[in-house]
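Enquirer: Sequence first, predicted coordinates after that:
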Amino acid sequence: MLLFGPLKYSLVAIVYVVDHQNRKMKHALLLLLVASVTLVLCDPKDSISTRATQAKGTLRCGNRPAANVPIRLFKGHTDELNQVIGTTRTDADGHFSIEGNTANFEGTEANIDPFLKIYHKCDREEKSDYRKVTLRYPREYVTIGRVPRRAYNLGTLNLQLVYPKEGTEKEVKGL
């Protein structure tokens, strides 16, 4: 709200000037006010090509919550870290919510084909590597803008199960 302090005083000054000038000046100042507010509130990274997505769910390891499990949201089917648009960890109850957007990507690079990668040690705590589960969810949950308008609910996943094309990862960097 720090931004709106100076903006409020600018509005008071403009209203004072508008009250004491002719009709053309009122229109010019109103146009100037609208342009100024638009420039202040709009981020240049916001564009029609920016996309956002969100997913949520619960992870379990058998009959107990899978706590502190790292999750990455990728904008496509890749393992390249520069394609990660969101990261999170499950809470103590195994719940998670992850979101990301492509404000840092331009043009066709801003498209999202959402993939979640879940790195866990369910039933293999003694091993040094992580099991990696990759899940794709529908593009219908990708929206225009920086903020996702709806979330894909994965429901509850039991990480004891072996998922198709499950892999392993020696270490999980950056989480």
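Expert: Happy to help now that I have it. Residues are numbered from 1 along each chain as shown.

Enquirer: Next one: the closest residue to Thr58 other than its chain neighbours relative to His120, how far apart?
Expert: Spatial nearest neighbour of Thr58, chain neighbours left out: Thr156 (4.5 Å); criterion: CB to CB, 6 or more residues apart in numbering. C-beta: built from backbone N, CA, C; applies to glycine. According to CB to CB, to the nearest Å, Thr156 stands 14 Å off from His120.

Enquirer: Which stretches in this protein count as helices?
Expert: For the chain, the helices defined by DSSP state H cover 4-19, 23-41.

Enquirer: among these, where is the model least confident on average?
Expert: Mean pLDDT is lowest for helix 4-19 among the helices of the chain, at a mean of 54.

Enquirer: okay, Thr156 and His120: which has more neighbours?
Expert: His120 (23 against 12; other CB atoms under 10 Å).

Enquirer: wait, isn't that one in contact with Asp129?
Expert: No: using CB atoms under 8 Å, His120 is not in contact with Asp129; the gap is 10.9 Å.

Enquirer: any idea how far the residue nearest the centre of the chain lies from Leu59?
Expert: Centroid-nearest residue in the chain: Gly100, 2.0 Å away (criterion: CA atoms, centre = their mean). Noted for Gly100: a distance of 18 Å to Leu59, by CB to CB.

Enquirer: and what of Tyr152?
Expert: Noted for Tyr152: a distance of 15 Å to Leu59, by CB to CB.

Enquirer: Give me the more crowded residue out of those two.
Expert: Set Tyr152 next to Leu59 and count neighbours by other CB under 10 Å: Leu59 wins out with 23 against 20.
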